[in-house]
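> coordinates only, sequence not included:
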C-alpha cells in the first residue's frame, strides 16, 4: 500500500515537472523567435553588422546590404557555437555589468529590459538551455 502511494506521488511529480519544463521551453522558444532572433538570427547563427551608409533610402538599403540610418545597430553575435554555461554567463554578465552607452552591450541591456517588460522575467538558465538544445551542439 505504501509502495503504491509512493509510486503514484513519484509519477505525479514527474508529470508535473515535465509539463512545467515544456511550458518554460515553449515560452523561451516563443521569446527567442519573436524577440532575440531579430538580432541573433533565426537559428542563432548571428547577424552580421551592416555597413552604414548615409543618404540611402530604407527600401534601397535592403538590396545593398547596408543600413539606411547612422545609428542602426542590429548586429547580434552567433549563439549556436556556445555551450549552455557560456550562454547563461553572457546573459548574467549583461544583467550585472554597466556598459558604455554607445557599446553594443548597452543596446542588449535595453533590449533585455524591453523584452522582460513585455514577456515577463527571462530565466538565463532556461534561455541558455533552449538555445543550446535547439540550435547548438545538442541539436545535432
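Yep, it's here. Note that this is a predicted model, so its numbers are computed, not measured.

> other residues contacting stretch 75-85?
Contacts with stretch 75-85, where a contact means CB atoms under 8 Å, 6 or more residues apart in numbering, come from 36, 38-41, 43-50, 87, 90, 104, 125, 128-129, 131-132, 135-137. The C-beta positions use only the backbone N, C-alpha and C, and glycine is treated the same way.

> can you give me phi and psi for residue 121?
Backbone torsions for residue 121, taken as degrees, to the nearest 10, come to phi -60, psi 130.

> ugh, wrong one, residue 76
phi -140, psi 130.

> count the residues that sit near it.
Residue 76: 22 surrounding residues under other CB atoms under 10 Å.

> helices of this protein, start to end?
Taking DSSP state H as the test, the helices found in the chain are 2-31, 37-40, 58-64, 84-96, 104-119, 124-135.

> where in the chain is pLDDT low?
The model of the chain has pLDDT under 70 over residues 1-2, 4-23, 49-74, 98-105, 138-140.

> at 90 instead, please
In the predicted model of the chain, residues 1-27, 32-42, 45-78, 90-116, 118-121, 136-140 satisfy pLDDT under 90.

> next, the contact list for residue 92, please.
Listed by CB under 8 Å, 6+ apart, the contact set of residue 92 reads residue 124.

> sorry, wrong one. I was asking about residue 24.
Residues in contact with residue 24, defined by CB under 8 Å, 6+ apart, are 123, 126.

> can you give me the distance of it to residue 123?
Distance of residue 24 to residue 123, given as CB to CB, to the nearest Å: 7 Å.

> overlap in contacts, the two.
Counting by CB under 8 Å, 6+ apart, no residue touches both residue 24 and residue 123.

> and the contacts of stretch 75-85, which are buried?
36, 39-41, 44, 46-47, 50, 87, 90, 128-129, 131-132, 135-136 (16 or more other CB atoms under 10 Å).

> ok, so of these, who is nearest residue 96?
Nearest to residue 96, judged by CB to CB, of the buried ones among the contacts of stretch 75-85 is residue 90 at 11.0 Å.
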